[in-house]
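Engineer: Model the structure of this input:
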Amino acid sequence: MEFAAAAQAFAEHLEKVRRLSPATVRAYRSDLRDLAGTVSDLPLEDIGLETLRDWLWQATQRGDTRSTLARRAAAARSFFSWAQEQGLITHDPSLRLVAPKRGRTLPVVASQDAMTTLLESQRHAAASGEPAALRDHAMLELLYGAGIRVSELCGLDIDDVDLDRGTARVLGKGSKERVVPFGAPARDAIGGYLTRGRPALAARAARPAPAFFLGNRGGRIGPRAVYTLVAEVLAPFVGAETVGPHALRHTAATHLLDGGADLRAVQEILGHASLGTTQIYTHVSAERLTATYRLAHPRA
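Structural biologist: Here you go, the predicted model:
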């Protein structure tokens, strides 16, 4: 079998059998397309370890980060392991393929004062009654208030949000469903959006949409629009040129821990499969504490 056909079959396996998230499947497809540029027309059986090493070396020469290299190596190992299981190859050439270890960088986090200022400015903008301003305020309050992913926000349907209980039912990675709480500011912003914003946006669509958050044309809002919004309003507060919705999730998790929340509880709210993923926020909190100490203590 040719590499391209095998890669397509593998992607379908990830999507339909392993039921990985669309974002994860897209990442695997991207990595295998990149590999296809190196293996060219080689039959699967003729692809060896040196070819794979040369592929990673080329990636280092064009400046790919260590995290990208690690992901590409993992994608190759997963693909060739699957190909061997399917009987497409007799030997897995990726068994000894290694990539630089991922450097662990702390996530971008806004301060509590910065979030208060940001959300207050959005509340004042929403007071105009403009549908998009009402929607944007509600989305930002929910992203920060519930710590959800942008895919989870965009995937919400109208029946998924319970204003009385202050909860939202979201579909996370691996199609795992969970219910997350949100506070009074988010409830107020969402209420205003449902009353005055969403009906006006829905009226612009050719047919009714079940989506909770609607774009300017009345259809389900997409991640790109949310990224654009967050980048515009959050970047000035965190001093980063590129920042997206995940920074609000990082910020929510860090502020929960700063406020004394149990690590396990934060894990449940964020929907992390591993507690180790959540633990990075303890390092963020510790670093913030150290920075405050150095600024404030006379003997620091």
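
Engineer: max-length helix in the chain?
Structural biologist: Taking DSSP state H as the criterion, the chain has its longest helix at helix 66-85.

Engineer: List the buried residues in that one.
Structural biologist: Residues 68-80, 82-84 are the ones in helix 66-85 that count as buried (16 or more other C-beta atoms under 10 Å). Heads up, the C-betas are built off the backbone N, CA and C, glycines and all.

Engineer: do stretch 196-210 as well
Structural biologist: By neighbour count on 16+ other C-beta under 10 Å, the buried set for stretch 196-210 is 197-198, 200-202, 209.

Engineer: Next, residue 9: secondary structure please.
Structural biologist: The three-state assignment at residue 9 reads helix, by DSSP: H, G, I helix; E, B strand; the rest coil.

Engineer: ok, now which ones touch it?
Structural biologist: Residues in contact with residue 9 (C-beta atoms under 8 Å, 6 or more residues apart in numbering) are 1, 86.

Engineer: Same question for residue 75.
Structural biologist: 27-28, 31-32, 35.

Engineer: hmm, back to that, just the buried residues of stretch 196-210 now: which is nearest residue 144?
Structural biologist: The shortest approach to residue 144 among the buried residues of stretch 196-210 belongs to residue 197, at 18.3 Å (C-beta to C-beta).

Engineer: From residue 238, how far off is the closest one?
Structural biologist: Separation of residue 197 from residue 238 (C-beta to C-beta, to the nearest Å): 27 Å.

Engineer: what helix or strand is residue 31 on?
Structural biologist: helix 22-39 (DSSP states H and E).

Engineer: What helices and strands are in contact with that helix?
Structural biologist: helix 3-16, helix 49-61, helix 66-85 (3 or more C-beta pairs under 8 Å, 6 or more residues apart in numbering; DSSP states H and E).

Engineer: buried residues in that helix?
Structural biologist: 25, 27-29, 31-32, 34-36, 38-39.

Engineer: so where's the stretch 151-300 of the chain shaky on pLDDT?
Structural biologist: Applying pLDDT under 70 to the stretch 151-300 of the chain flags the ranges 240-241, 283-293, 295-300.

Engineer: Now do the helices in it.
Structural biologist: Counting by DSSP state H, counting those that start in this stretch, one finds helices in the stretch 151-300 of the chain at the ranges 184-192, 198-202, 223-238, 246-258, 263-270, 275-278, 280-296.

Engineer: which residues are contacting the third one?
Structural biologist: If I follow you right, that is helix 223-238. Against helix 223-238 from outside (C-beta under 8 Å, 6+ apart): 108-111, 114-115, 117-118, 121-122, 136, 139-140, 143, 150-151, 153-154, 215, 241-245, 247-248.

Engineer: and the angle for it with helix 246-258?
Structural biologist: On the basis of axes from the mean of the first three to the mean of the last three C-alpha atoms, to 10 degrees, helix 223-238 is oriented at 50 degrees to helix 246-258.

Engineer: Centre of the chain to helix 223-238, how far?
Structural biologist: With C-alpha atoms, centre = their mean, to the nearest Å as the basis, helix 223-238 stands 14 Å off its chain's centre.

Engineer: Just want the angle from it to helix 22-39.
Structural biologist: 100 degrees.

Engineer: And the strands in the stretch 101-250 of the chain?
Structural biologist: Remark: strands assigned in the stretch 101-250 of the chain by DSSP state E, counting those that start in this stretch are 161-162, 167-171, 177-181.

Engineer: would you list those in CSV and tack on mean neighbour count and distance to residue 226?
Structural biologist: Converted to CSV, those look like this (neighbours: other C-beta atoms under 10 Å; distance: least, C-beta to C-beta, whole Å):
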stretch, mean neighbour count, distance to residue 226
strand 161-162, 18, 16
strand 167-171, 19, 14
strand 177-181, 14, 17
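
Engineer: now these as TSV including distance to residue 57?
Structural biologist: Output for those, formatted as TSV (distance: least, C-beta to C-beta, whole Å):
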stretch	distance to residue 57
strand 161-162	49
strand 167-171	39
strand 177-181	41
